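S.K.: Fold the following.
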Amino acid sequence: MESMIMIVAMLAMLYFFMIRPENKRKKEAQNMRDSLTVGDVITTIGGITGTICTVKENTIVIESGVDRVRIELTKWAVSSKTAQAEEAAH
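M.R.: Okay, here's the model as predicted:
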(Lines give C-alpha, C1' and ligand atoms only; values in the text may rest on other atoms or scores of the structure.)
Protein backbone atom coordinates (compact mmCIF):
# COMPACT_ATOMS: atom_id res chain seq x y z
CA MET A 1 0.00 0.00 0.00
CA GLU A 2 2.82 2.42 0.84
CA SER A 3 4.49 1.82 -2.50
CA MET A 4 1.23 2.67 -4.28
CA ILE A 5 1.00 5.96 -2.38
CA MET A 6 4.63 6.76 -3.31
CA ILE A 7 3.95 6.10 -7.00
CA VAL A 8 0.87 8.34 -6.96
CA ALA A 9 2.83 11.06 -5.13
CA MET A 10 5.67 10.84 -7.67
CA LEU A 11 3.24 11.10 -10.59
CA ALA A 12 1.57 14.12 -8.97
CA MET A 13 4.96 15.79 -8.50
CA LEU A 14 5.88 15.01 -12.12
CA TYR A 15 2.67 16.66 -13.29
CA PHE A 16 2.98 19.80 -11.14
CA PHE A 17 6.71 20.37 -11.68
CA MET A 18 7.15 19.37 -15.34
CA ILE A 19 4.00 18.89 -17.40
CA ARG A 20 1.82 21.75 -16.12
CA PRO A 21 4.49 24.51 -16.47
CA GLU A 22 5.34 23.34 -20.00
CA ASN A 23 1.68 23.46 -21.05
CA LYS A 24 1.42 26.95 -19.54
CA ARG A 25 4.49 28.15 -21.54
CA LYS A 26 3.04 26.69 -24.76
CA LYS A 27 -0.29 28.44 -24.15
CA GLU A 28 1.44 31.81 -23.50
CA ALA A 29 3.53 31.43 -26.68
CA GLN A 30 0.43 30.65 -28.73
CA ASN A 31 -1.41 33.67 -27.29
CA MET A 32 1.59 35.87 -28.16
CA ARG A 33 1.64 34.55 -31.74
CA ASP A 34 -2.12 35.05 -32.10
CA SER A 35 -1.81 38.68 -30.94
CA LEU A 36 0.85 39.74 -33.49
CA THR A 37 0.01 43.04 -35.18
CA VAL A 38 1.54 45.24 -37.86
CA GLY A 39 4.36 47.32 -36.40
CA ASP A 40 5.49 44.81 -33.76
CA VAL A 41 9.22 44.11 -33.68
CA ILE A 42 9.80 40.37 -33.49
CA THR A 43 12.64 37.91 -33.15
CA THR A 44 12.36 34.50 -34.81
CA ILE A 45 13.58 31.20 -33.42
CA GLY A 46 16.45 31.49 -35.93
CA GLY A 47 17.52 34.89 -34.60
CA ILE A 48 16.15 37.07 -37.42
CA THR A 49 14.72 40.37 -36.18
CA GLY A 50 12.35 42.63 -38.04
CA THR A 51 9.17 44.68 -38.07
CA ILE A 52 5.89 43.06 -39.06
CA CYS A 53 4.42 44.46 -42.31
CA THR A 54 1.55 42.05 -42.94
CA VAL A 55 -0.30 39.55 -40.75
CA LYS A 56 -2.17 36.66 -42.37
CA GLU A 57 -3.89 33.67 -40.80
CA ASN A 58 -0.82 31.42 -40.50
CA THR A 59 2.00 33.63 -41.80
CA ILE A 60 3.51 37.07 -41.32
CA VAL A 61 5.69 39.26 -43.52
CA ILE A 62 8.52 41.14 -41.83
CA GLU A 63 10.95 43.83 -42.96
CA SER A 64 14.48 43.18 -41.80
CA GLY A 65 17.64 45.26 -42.12
CA VAL A 66 18.50 48.63 -43.59
CA ASP A 67 17.71 47.44 -47.13
CA ARG A 68 14.14 46.69 -46.02
CA VAL A 69 14.29 43.06 -47.10
CA ARG A 70 10.88 41.40 -46.76
CA ILE A 71 10.60 37.83 -45.52
CA GLU A 72 7.46 35.73 -45.17
CA LEU A 73 7.48 33.47 -42.10
CA THR A 74 5.04 31.13 -40.42
CA LYS A 75 3.74 32.37 -37.08
CA TRP A 76 5.17 29.41 -35.15
CA ALA A 77 8.69 30.67 -36.04
CA VAL A 78 8.26 33.77 -33.83
CA SER A 79 10.00 33.46 -30.48
CA SER A 80 9.40 36.90 -28.97
CA LYS A 81 7.89 40.28 -29.75
CA THR A 82 8.33 43.88 -28.67
CA ALA A 83 5.87 46.64 -29.52
CA GLN A 84 7.28 49.29 -31.85
CA ALA A 85 6.81 52.08 -29.28
CA GLU A 86 8.92 50.15 -26.74
CA GLU A 87 11.66 49.55 -29.33
CA ALA A 88 11.81 53.27 -30.21
CA ALA A 89 12.23 54.16 -26.54
CA HIS A 90 15.47 52.14 -26.29
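
S.K.: from here on, contacts and neighbour counts on C-alpha atoms
M.R.: OK.

S.K.: Show me what the helix or strand harbouring Cys53 packs onto, helices and strands only.
M.R.: Assigned by DSSP states H and E, Cys53 belongs to strand 49-55. Here strand 49-55 touches strand 41-44, strand 59-64, going by 3 or more Cα pairs under 8 Å, 6 or more residues apart in numbering; DSSP states H and E.

S.K.: how about it: buried residues?
M.R.: Neighbour-count burial for strand 49-55 flags Thr49, Gly50, Thr51, Ile52, Cys53, Val55 (criterion: 16 or more other Cα atoms under 10 Å).

S.K.: returning to that earlier point: for the helices and strands packed on strand 49-55, give me a markdown table that also has mean pLDDT, mean neighbour count and distance to Glu22.
M.R.: Below are the helices and strands packed on strand 49-55 laid out as a markdown table (pLDDT from 0 to 100; neighbours: other Cα atoms under 10 Å; distance: least, Cα to Cα, whole Å):
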| stretch | mean pLDDT | mean neighbour count | distance to Glu22 |
| --- | --- | --- | --- |
| strand 41-44 | 94 | 20 | 20 |
| strand 59-64 | 94 | 19 | 24 |
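
S.K.: What lies in contact with the strand holding Cys53?
M.R.: Applying Cα atoms under 8 Å, 6 or more residues apart in numbering, the contact partners of strand 49-55 are 36-43, 60-65, 84.

S.K.: same thing but 7 Å
M.R.: Thr37, Val38, Gly39, Asp40, Val41, Ile42, Thr43, Ile60, Val61, Ile62, Glu63, Ser64 (Cα atoms under 7 Å, 6 or more residues apart in numbering).
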